[in-house]
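Colleague: sequence plus predicted model, see below.
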Amino acid sequence: MFGMAATTKKLGAPAKETKVPAPKQRRRVCNVCGKPSGSSICAMCSDRIRAEALARKKREDKGEE
């Protein structure tokens, strides 16, 4: 409903459009840990995800699963 025109109707009166103010800017947070971040995944979580993926790949290459 943000940023869209809302209509209100009273009996006997024509429909009147009112503007709903849009939020100025959404606060960006990391999608993994929820801490404030400039991108969708913060650098610390990105590093952790890469390390976990590398460790899993090494385990799979050795035949351990």
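Modeller: Okay, I see it.

Colleague: low-confidence ranges, this structure, go.
Modeller: 1-15, 22-23, 64-65 (pLDDT under 70).

Colleague: for Gly38, see how far away Pro21 is.
Modeller: 25 Å (Cβ to Cβ, to the nearest Å). Where you see a C-beta, it was placed from the backbone N, CA and C, and this is true even at glycine.

Colleague: I'd say Lys35 and Cys42 touch.
Modeller: Yes: between Lys35 and Cys42 there is a contact under Cβ atoms under 8 Å: 6.2 Å.

Colleague: more neighbours: which of the two?
Modeller: Cys42 (20 against 10; other Cβ atoms under 10 Å).

Colleague: could you pull up phi and psi at that one?
Modeller: Backbone torsions for Cys42, taken as degrees, to the nearest 10, come to phi -70, psi 160.

Colleague: ok, the closest residue to it other than its chain neighbours - how many residues close by?
Modeller: Among residues not flanking Cys42 along the chain, Cys30 sits closest, at 4.1 Å (Cβ to Cβ, 6 or more residues apart in numbering). The local packing of Cys30 (other Cβ under 10 Å) involves 18 other residues.
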